[in-house]
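Engineer: please work out how this folds:
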Amino acid sequence: MEIFRRTGGIARAIDSLCCRATLGGAIEQKQVIDTADIPEEAG
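Structural biologist: The predicted model follows:
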């Protein structure tokens, strides 16, 4: 629900936001990505 709220449900924005969260998690070598790892600004 947090991703939907931050992106307004726009598919391209969802994809961009998830890619950035995944990249950030990989850089920090995280096993789990949670809402704290989701960038504030929507794609």
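Engineer: so how far is the first residue of stretch 24-37 from its last?
Structural biologist: Between the start and the finish of stretch 24-37 there is a gap of 7 Å, counting by Cα to Cα, to the nearest Å.
Engineer: what's the mean pLDDT across it?
Structural biologist: Confidence over stretch 24-37 (mean pLDDT, whole number) is 90.
Engineer: buried sites along it?
Structural biologist: Applying a neighbour-count criterion of 16 or more other Cβ atoms under 10 Å, one finds residue 25 buried in stretch 24-37. (Each C-beta comes from the backbone N, C-alpha and C, glycine too.)
Engineer: so how far is that stretch from its chain's centroid?
Structural biologist: Centre-to-centre, stretch 24-37 and its host chain are 10 Å apart (Cα atoms, centre = their mean, to the nearest Å).
Engineer: now stretch 20-32
Structural biologist: Between the centre of stretch 20-32 and the centre of its host chain there is 10 Å, according to Cα atoms, centre = their mean.
Engineer: how many other residues sit next to residue 21?
Structural biologist: By the criterion of other Cβ atoms under 10 Å, residue 21 has 19 neighbours.
Engineer: so who does it touch?
Structural biologist: Neighbour list for residue 21: 33, 37, 38, 39 [criterion: Cβ atoms under 8 Å, 6 or more residues apart in numbering].
Engineer: what's the separation between it and residue 12?
Structural biologist: Relative to residue 12, residue 21 is positioned 15 Å away (criterion: Cβ to Cβ, to the nearest Å).
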